[in-house]
Every structure is written in C-alpha cells, then in structure tokens.
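Chemist: I'd like to go over a predicted model; first the sequence, then the structure.
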Amino acid sequence: MTYIVTDPCIKCKFMDCVEVCPVDCFYEGENFLVISPDECIDCGVCEPECPVDAIKPDTEDDADGKWLKLNADYAKVWPNITVKGEPPADAADWERVTGKLEANHFSPNPGKGS
C-alpha cells in the first residue's frame, strides 16, 4: 500500500504534508502535489496533516486507480519538494470545490520544487 494525493489538493496545495514526510516522497506540480508510490513507506504521517483531506491510502482510490496512476506518473517528471512553501493566494476559495480534475483545473506543469 501507499498513500496518494487526490482531487481536494488541486488548486489548494497547502503543503503541510511535505514537512512531516520522513522520506521526502512528495513532488510538486504547478497547482497540485503527488506522492511517489515507489518511495512512500506507508507511514501515514502525512494524511492527518492535510487540511483538505486530500491524502488517502491507495486502497481508497477509485476502482480504476486513476489517482494512483496520476501520482505515479507525475512523481517521475515533477521536481521533488522537501520544504513547505506558500499555498496559492486563492487556496481558500478552492477548499470546498469538488470535481476539480474533471473540471480541468489540474495543471500538468511542474512546480518549483525545493
């Protein structure tokens, strides 16, 4: 098992999870974070740190495994992030929005990393 980042993180990207990860398995996109399933040690310390409940065990993924695949694919191309940054200025506006992936709010562009 591994942990994955899901829809609520899109356009929120609070990054509290990054600070507590003992193996630095988070990768940063322009408006989303992912966890590398190959690096995650399943410790679970990141899950309660997410203020929007975006981090879940992969066992709670959709039946098609879309979030596990998205996390795995982008962890290979986005830069690693090990230091908490600032969330987007409008993050609070997006906290309660659902269906952000389907509404095309996800950006495939890389973030800055650390």
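Modeler: Done, it's in.
Chemist: where do the strands of this structure begin and end?
Modeler: 3-5, 26-28, 33-35, 55-57 (DSSP state E).
Chemist: looking at those, which is closest to Pro110?
Modeler: Closest to Pro110 of the strands of the chain is strand 26-28 (C-beta to C-beta; 7.1 Å). C-beta: built from backbone N, CA, C; applies to glycine.
Chemist: please name every helix or strand in contact with the closest one.
Modeler: strand 33-35 (3 or more C-beta pairs under 8 Å, 6 or more residues apart in numbering; DSSP states H and E).
Chemist: excluding its backbone neighbours, what's nearest Thr82?
Modeler: Asp24 (4.6 Å; C-beta to C-beta, 6 or more residues apart in numbering).
Chemist: picking up where we left off before, and the strands of the chain as JSON lines, adding distance to Asp90 and mean pLDDT?
Modeler: As requested, the strands of the chain are exported to JSON lines (distance: least, C-beta to C-beta, whole Å; pLDDT from 0 to 100):
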{"stretch": "strand 3-5", "distance to Asp90": "19", "mean pLDDT": "97"}
{"stretch": "strand 26-28", "distance to Asp90": "18", "mean pLDDT": "98"}
{"stretch": "strand 33-35", "distance to Asp90": "17", "mean pLDDT": "98"}
{"stretch": "strand 55-57", "distance to Asp90": "21", "mean pLDDT": "96"}
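Chemist: could you report the neighbour count for the residue nearest to Thr82?
Modeler: Neighbours of Asp24 under the rule other C-beta atoms under 10 Å: 14.
Chemist: please renumber the chain so that the first residue is 22 from this point on.
Modeler: Taking 22 as the first residue, the last one we looked at is Asp45.
Chemist: quick check: it touching Val104?
Modeler: No: at 9.7 Å, Asp45 and Val104 do not qualify as touching, with contact defined as C-beta atoms under 8 Å.
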